[in-house]
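Peer 1: structure for this input, please:
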Amino acid sequence: MLIQVFGPGCVNCLTLEKRVKQTIASLEIDAQYSKIEDFQVIMAYGIMRTPALAINGKVVFQGRVPTVNELKEIINGELDVSSN
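Peer 2: Predicted structure coming up:
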């Protein structure tokens with residue numbers, strides 16, 4: 001699983017990055033993580049508001065910072081989809 005956080009480094013982007021790392025650790029999943037700050041790349045994904053999150057190349061939300069519990073639900077949902 002590839003999890004990408006998109007954002008230039010604002011407070012919300014840093015908060016999302018921290019929460020994603022916490023979530024990956026608490027779920028004990030095998031996931032690659034990356035932080036994308038390049039606006040050209042961000043725009044190529046169709047992201048108009050940061051922070052944003054993509055899982056396996058699919059943007060799952062943008063423009064807000066979800067709670068750790070919301071992130072768990074999102075990631076678990078993507079795990080279920082990829083295992084089918």
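
Peer 1: tell me the secondary structure at the residue nearest the centre of the chain.
Peer 2: Geometric centre of the chain, nearest residue: L53, 2.9 Å, by CA atoms, centre = their mean. Assigned by DSSP: H, G, I helix; E, B strand; the rest coil, the conformation of L53 is strand.

Peer 1: check what pLDDT it gets.
Peer 2: At L53, the predicted lDDT confidence score is 97.

Peer 1: V60 in helix, strand or coil?
Peer 2: strand.

Peer 1: residues touching it, list them.
Peer 2: By CB atoms under 8 Å, 6 or more residues apart in numbering, the contact list for V60 reads 53-54, 74, 78. Every residue, glycine included, has its C-beta placed from N, CA and C.

Peer 1: next one: it from C13, what distance?
Peer 2: Applying CB to CB, to the nearest Å, the value for V60 to C13 is 16 Å.

Peer 1: buried sites along the least confident helix or strand in the chain by mean pLDDT?
Peer 2: Lowest by mean pLDDT, DSSP states H and E among the helices and strands of the chain is helix 68-83, with a mean of 84. Residues 71-72, 74-75, 78 are the ones in helix 68-83 that count as buried (16 or more other CB atoms under 10 Å).

Peer 1: which residues are in contact with that helix?
Peer 2: Looking at what lies outside helix 68-83 - CB under 8 Å, 6+ apart - the contacts are 1, 3, 19-20, 22-24, 26-27, 29, 31, 53, 55-56, 58, 60-61, 66.
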